[in-house]
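In: curious how this folds, go ahead:
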Amino acid sequence: MEKILNNKDSLIPLKDFIALIGYKSTSSYYQMLKNDKTAPKPIKLLGRKVFLSSQEVNSWIESKKAARG
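Out: Model prediction:
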């Protein structure tokens, strides 16, 4: 899978990450967060806006690819 963003660490809106991994809702993401301790952690900014680090997202995706063997 291609890198989501360039090497610079950017912020990805949570809704974009949810769409990327095929989830339908934010509650699915938070359930995954409880069950997968390696999942990218949320960064809350601007009141209720939630983002993820692009570097953490890319690392998480790469670790999932490596784990499948």
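In: any idea how far the residue nearest to Lys8 when sequence neighbours are not counted is from Gly69?
Out: Nearest residue to Lys8, sequence neighbours excluded (CB to CB, 6 or more residues apart in numbering): Ser54, at 7.9 Å. The way it works is simple: take the backbone N, C-alpha and C, and place the C-beta from them, glycine included. Distance, Ser54 to Gly69, by CB to CB, to the nearest Å: 26 Å.
In: compare those two (neighbour count), which wins?
Out: Remark: of Ser54 and Gly69, Ser54 carries more neighbours, 20 against 4, as counted by other CB atoms under 10 Å.
In: isn't that one up against Leu11?
Out: Yes: if you go by CB atoms under 8 Å, Ser54 and Leu11 touch, sitting 7.1 Å apart.
In: what's the neighbour count on Val57?
Out: Number of residues near Val57 (other CB under 10 Å) recorded here: 21.
In: list the buried ones in the strand or helix carrying it?
Out: In this structure, Val57 sits in helix 54-67 according to DSSP states H and E. The neighbour-count criterion (16 or more other CB atoms under 10 Å) identifies Ser54, Gln55, Glu56, Val57, Asn58, Trp60, Ile61 as the buried residues of helix 54-67.
In: let me know the average pLDDT across that helix.
Out: Averaging pLDDT along helix 54-67 gives 94.
In: again, but for stretch 30-49
Out: Averaged across stretch 30-49, the pLDDT comes to 94.
In: quote the end-to-end distance of that stretch.
Out: Its start and end residues considered, stretch 30-49 measures 15 Å (CA to CA, to the nearest Å).
In: give me the buried positions along it.
Out: Within stretch 30-49, the residues that qualify as buried are Ala39, Pro40, Pro42, counting by 16+ other CB under 10 Å.
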